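# Return atomic coordinates for the entry below.
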Amino acid sequence: MSVHSAHTKITVNTLAKMKAEGEKIACITAYDASFAECVNEVGADVVLVGDSLGMVVQGLDSTVPVTLDEMVYHTRAVARGNPRALLMGDMPFMSYCTEEQALQNAARLMQEGGAHMVKLETTQGQIGIIRRLVDAGVPVCAHLGLRPQSVHKLGGYRVQGRDDVSAEAMLQEALGLEEAGADCLLLECVPAALAKRISESVAIPVIGIGAGVGCDGQILVLYDILAISKGKRPKFSKDYMQGAGSITAALQRYVDEVKSEAFPAPEHSF
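Below is the predicted model of the structure:
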């Protein structure tokens, strides 16, 4: 049974309760008011305005060129069509290099964009920035594993945490981020066994994308769910438009499969 009604606004406390009571968290990206309304209609718990908009909306080859002004614009548009879900906004590349910069830019995403939470692609060296945001009252999602903003440093889009050393390092980083006050974690392209271990080791919710069914919730890019994205589809995604008949039916099937743990299946995991 759901821990919240269909009309209850989702907060960080709701997500924590969902994890505690074993209810999976369904998350979807959105970039405008119309799709935000669709995502809300099917009962998604979290809407992420991701800097993935650079690739799926703007036609760029990475998320690196996306600006804070663009993130504020799209977050504000999504907020207008989002009466219920927790609204998370991505902090774009180079927008949180110092504590002061992170505070100023998080404030813009929340005050101008209407975000309820900000997401940062984190490293061990950014624990202080996370702590400072949390101390200022900013809800934070910390992003571990594959970090698309660091694609040039990582040498491509690759699964992270495959060997014992890097897996242990990621676990310790997750524990450090929890201790710093992060409200949730997002794990991208992480082996399912490691993601499950991290999810069981921290008290905060863990959302996965390409991280197996053992996470507390799942997120996919809206355009991948609807088979709009061009080019090769990521292994961890699934085309829900096949046989759906409508956008709403496709999104509903995704949410239902996350809740029932039918998604992700082994073929969507590493």
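
# so where's the stretch 101-250 of the chain shaky on pLDDT?
Applying pLDDT under 70 to the stretch 101-250 of the chain flags residues 152-157.

# Tell me where it has helices.
Shown for the stretch 101-250 of the chain, the helices assigned by DSSP state H, counting those that start in this stretch span residues 127-135, 151-154, 164-180, 192-201, 222-225, 247-260.

# buried stuff in the longest one?
It refers to helix 164-180. By neighbour count, with 16 or more other CB atoms under 10 Å as the criterion, the buried positions of helix 164-180 are 167, 170-171, 173-174, 176-178, 180. For every residue, glycine as well, the C-beta is placed using N, CA and C.

# And it, how far out from the chain middle?
On the basis of CA atoms, centre = their mean, to the nearest Å, helix 164-180 sits 18 Å off its chain's mean C-alpha point.

# residues in contact with it?
Counting contacts by CB atoms under 8 Å, 6 or more residues apart in numbering, the residues outside helix 164-180 that touch it are 122-124, 127-128, 130-131, 134, 142, 144-145, 160-161, 185, 190-191, 194, 197-198, 201-204, 206.

# what does the fifth one give?
Residues from elsewhere that reach helix 222-225, judged by CB under 8 Å, 6+ apart: 28-31, 35, 39, 56, 228-229, 233-234, 237-241, 250-251, 254.

# circling back to that earlier point, which members of the buried residues of helix 164-180 are the farthest-apart pair?
A167 and A180 (20.5 Å; CB to CB).

# what about Y73, how many residues close to it?
Neighbour count for Y73, taken as other CB atoms under 10 Å: 16.

# Equivalent analysis for G114, please.
Taking other CB under 10 Å as the criterion, the count of residues near G114 is 18.

# Centre of the chain to the helix or strand that G89 is a member of, how far?
When elements are assigned from DSSP states H and E, G89 belongs to strand 86-90. With CA atoms, centre = their mean as the basis, strand 86-90 stands 8 Å off its chain's centre.

# In PDB, list the C-alpha atoms belonging to it.
Taking Å, rounded to 0.1, in the frame of the first residue of the first chain, the C-alpha atoms of strand 86-90 are listed here in PDB:
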ATOM      1  CA  LEU A  86       8.800  16.700  -5.600                       C
ATOM      2  CA  LEU A  87      10.600  18.900  -8.100                       C
ATOM      3  CA  MET A  88      14.400  18.400  -8.400                       C
ATOM      4  CA  GLY A  89      16.600  20.600 -10.500                       C
ATOM      5  CA  ASP A  90      20.100  19.900 -11.800                       C
END
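
# any idea how far the closest residue in space to G212 that isn't next to it in sequence lies from E100?
On the basis of CB to CB, 6 or more residues apart in numbering, the spatially nearest residue to G212 that is not a chain neighbour turns out to be A192, at 2.6 Å. From A192 over to E100 the distance is 38 Å, taken as CB to CB, to the nearest Å.

# which one of the two has more residues nearby?
Comparing A192 with E100 by other CB under 10 Å, the one with more neighbours is A192, at 19 against 11.

# who's in contact with that one?
211-214, 269-270.

# Make CSV from those residues and add distance to Q149 and neighbour count to it.
Listed next are these as CSV, based on distance: CB to CB, whole Å; neighbours: other CB atoms under 10 Å:
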residue, distance to Q149, neighbour count
A211, 18, 34
G212, 23, 23
V213, 26, 19
G214, 25, 19
S269, 23, 20
F270, 20, 20
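
# Tabulate the helices of the stretch 101-250 of the chain (CSV), appending distance to G22.
Converted to CSV, the helices of the stretch 101-250 of the chain look like this (distance: least, CB to CB, whole Å):
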stretch, distance to G22
helix 127-135, 26
helix 151-154, 34
helix 164-180, 19
helix 192-201, 12
helix 222-225, 24
helix 247-260, 11
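
# could I get the contacts of A192 as a markdown table with distance to T14?
Shown next, in a markdown table, are the contacts of A192 (distance: CB to CB, whole Å):
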| residue | distance to T14 |
| --- | --- |
| A211 | 21 |
| G212 | 23 |
| V213 | 21 |
| G214 | 21 |
| S269 | 26 |
| F270 | 29 |
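
# what's the closest of these to T75?
Of all these, the one with the least separation from T75 (CB to CB) is A211, at 24.4 Å.
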